[in-house]
Structures are given as structure tokens and as C-alpha cells.
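A.B. asks: Prediction below, plus the sequence it came from.
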Amino acid sequence: MALDISTTETSTPVRFLDLVTTHQEIRAELDAIWDNTVSTAGFVGGAELNSFEEEYAAFCGTSEAIGVANGTDALELILAAAGIGPGDEVIIPANTFIATAEAVASVGATCVFADVDPDTMLITGDMIRAVATPKTAAVMAVHLYGQMVDATDVGAACSDLGIAFIEDSAQAHGAKWDGARAGSVGLAAGFSFYPGKNLGAMGDGGAITTNDAQLAAKMRSLSNHGRSLNSKYEHDLLGRNSRLDSLQAAALRVKLRHIDRWNQGRRNAFDWYGANLPDSLVQLSVRPEAEAVHHLGIVRCVGQTRDEVAAKLDAAGIGWGIHYPIPCHLQAPFGGAEGSFPISERLAGEIISLPMHPHLTEDEVLRVCEVVSR
Ligand SMILES: Cc1ncc(COP(=O)(O)O)c(C=O)c1O
């Protein structure tokens, strides 16, 4: 239903993200978790974690899910378990959050950046082929902004090159490519449950999904001090502590029951934006094979500058962000040269993130559209 935006109230603020409403909606279920955890003192491991791992694997369509401490650890543990380290190159998109690159650097491998498609803002098979070398061991494809990469195309490039296809699914809980969910199309996938994510914990959290039982066993061990799966006191591998707390696992179990509905709320908001944004702001394009979950409300500022758009939003009390203003290869630790990845660099100057969350109403989207159309 298209509302008449000329009559829309413009003075009411619109939140960029509304975690308060999300948590109020499930408040009773969350309160019960706290009571149960305090009563049982089951803080690490146990039934809640096991059940969450089973339910999350089922949600993603994989045989295995492993709860870990955060999304960055998830990616790093995948690389470590796959035996990727010094001397290896891992291809990642220049347009991503820095954690993707940090994970590669943390295992001692070299980040090789690739440019992205200008319309989806995601890595493609051609972009991967353009930067692959004999040292390339893997591509960490990022399903950025809630839309999966073209898994058929990226999967084919990885097979041709004989490299591993790893998914950074931190922004894509529940997204699909050709019916397959994020987390199920590569060798393994890392998820973040940072509170603002589509599936967020009440603090930090993460998970790895895979269909490879052997790799899963290694990642589970690495994330728990390299502990032998059969003996509490034997440590087969040099591991670390990257466990998901039971309290977080219990909260994630509650939220998992709501995520499909919440993702639909985001898709509704995306469509309302699509019907009402001015031509000067262009949404990312969603391909027909993709079911996106719109982690962020990204638009490119093409007919007005980003500063102009931001000033209008600020004046109307509307929240906004930029994801991300500096492409990863130009961040200080990676020290790349300007001009190396022109599409990512252009996008970094054009994009702005408009309010996006499951509880955004059509009235609020229309208010944002009216303000940026002025
Ligand atoms: C694309 C991407 N990769 C990795 C991460 C890392 O996740 P975390 O913050 O849980 O370590 C994030 C989230 O912050 C992300 O957006």
C-alpha cells in the first residue's frame, strides 16, 4: 500500500536500529532464560548449547554447527582447521568489514583483495579469477548486507582454481541462494551474533557451520583449548578458548524461533524503500536467485552527495550509518594503494545506510523517503 507522503509527519525520529522493540517483544522468554541459567548454574556448555547447535545447523541446512565466541573467531578457526597459514593467500572482497581481513591475517596468511560487482557490491567469480595466484588457498566470500554472493558462480571459480570456498556469513543469517541458506554452500561458514546482527546474542557470540564432520571436530577442538573430544584432560591440538556461553546459546534459541518473521520484516522495509526512494538514491540490486535478509539498508547516493543526504537525515532526527567509508585494503594495517579497486573505492564514497530493522513500519520508511527526497 503506497501512502501519501505529502501528509507524512516528519518530526518524529526514526531509529537506525531498534533493539529495544525486538527484545521487548520476546521479553518474557528472555527473562525465563536468565532464571533458568541462574537456577542451574549451567554457564558453559551443556544442554542449551547442544540444542542451539542442533537447531542452528537445521536452520542453515548443514550437518554441523559449532558455537564460538564471536564471528571473527569463527572465520579464523575455519582457516586454521583447513590448514591455511603462512605462505598461503586468501582472497577477500575489498568491500567488507575489517574482521574478514583480520581473520586471514591472524592465521599468518596473506589477504589478497578483490573488487566487487557495482550493483550487488559483492565478490564474483571473475573478480576472484582476476587476483588468484598459485599461492591462493581459499576465497572468503562475504554475503555482505544480507545478500548471498552468487554461490553457483563463486563455487565454480573455486572448483576451477582448486581452492576452498569459505563463507563469511556474519551479515546473512537465513539468506538464500537458489534455495540454499547462507552457511551451507561452501566448505564452512562463519556467523557473528553481535547484538545488531539479524540473529544477535545479548553480547558477543558466533558460530561455524559445515557439512564436513572431520573439519567440524577439529574446529570444535581448536575452539576449546585443543581438547580431545574423548578426554577432558588430553589436548591434541594447540587451541584456544573461543566458546559460546550457555546464556547466549539459550537467548539465540529463543530468537531463532522468530528470525524468519524478522527477516520478512526487513524485506518489507526494503520493498517500501524501493517504491518510494527518489532516483538520486539507488538500492543494491537483489538477483532473482537470491532471497536477501537486508542486514543493512544500503543505498548509493548518485544524484545528491552523501553529505547532503546525511544532513537531511540529521535535521529530521533519522539515524544513519556508513558501511563502510574506507574499503578494507585502504585500512592502515593492510596499507593498500588507492586506485587498486576502483569499484569498492567509489562505493565507499557513495553509500549510506538508512534505517533498517524488523520493526520498521511503512510510515517510518515513508518518512525517511520524504526527508531524503527534499
Ligand atoms: C562481514 C563481517 N565479518 C565478520 C564480522 C565479525 O563478527 P564479530 O564482530 O562477531 O567478531 C562482522 C561483524 O562484525 C561482519 O560484519
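C.D. replies: Perfect, thanks for sending it.

A.B. asks: measure residue 248 to the ligand for me?
C.D. replies: Residue 248 sits 11 Å away from the ligand, going by CB to the nearest ligand atom, to the nearest Å. Just so you know, the C-beta spots here come from the backbone N, C-alpha and C atoms, and that holds for glycine as well.

A.B. asks: Just list the residues touching that residue, thanks.
C.D. replies: For residue 248, the contacting residues are 67, 193, 201, 202, 203, 204, 205, by CB atoms under 8 Å, 6 or more residues apart in numbering.

A.B. asks: Let me know whether the third one touches residue 251 as I believe.
C.D. replies: Read that as residue 201. Yes: assessed by CB atoms under 8 Å, residue 201 is found in contact with residue 251 at 5.9 Å.

A.B. asks: For residue 92, name its beta-bridge partners.
C.D. replies: residue 113 (DSSP bridges).

A.B. asks: OK, contacts around it?
C.D. replies: 100-101, 104, 111-114, 123, 139-140, 142, 168, 328.

A.B. asks: ok so, going back, closest to the ligand out of the contacts of residue 248?
C.D. replies: residue 204 (5.8 Å; CB to the nearest ligand atom).

A.B. asks: on that earlier part again, quick check: PyMOL command selecting the buried ones in the contacts of residue 248.
C.D. replies: Per 16 or more other CB atoms under 10 Å, the buried members of the contacts of residue 248 correspond to this PyMOL selection:
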select buried, resi 67+193+201+202+204+205
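
A.B. asks: from the contacts of residue 248, which are also near the ligand?
C.D. replies: Among the contacts of residue 248, the ones lying close to the ligand by the criterion of CB under 6 Å from any ligand atom are residue 204.

A.B. asks: Now the two most distant members of the contacts of residue 248.
C.D. replies: 67 and 202 (14.0 Å; CB to CB).

A.B. asks: for the protein, what spans make up the strands?
C.D. replies: Under the criterion DSSP state E, strands of the chain are mapped to 64-68, 89-93, 110-114, 136-142, 164-168, 176-177, 180-181, 188-192, 206-210, 281-283, 290-291, 297-301, 351-354.

A.B. asks: Next one, pLDDT for residue 89 please.
C.D. replies: You'll see residue 89 listed with a pLDDT of 98.
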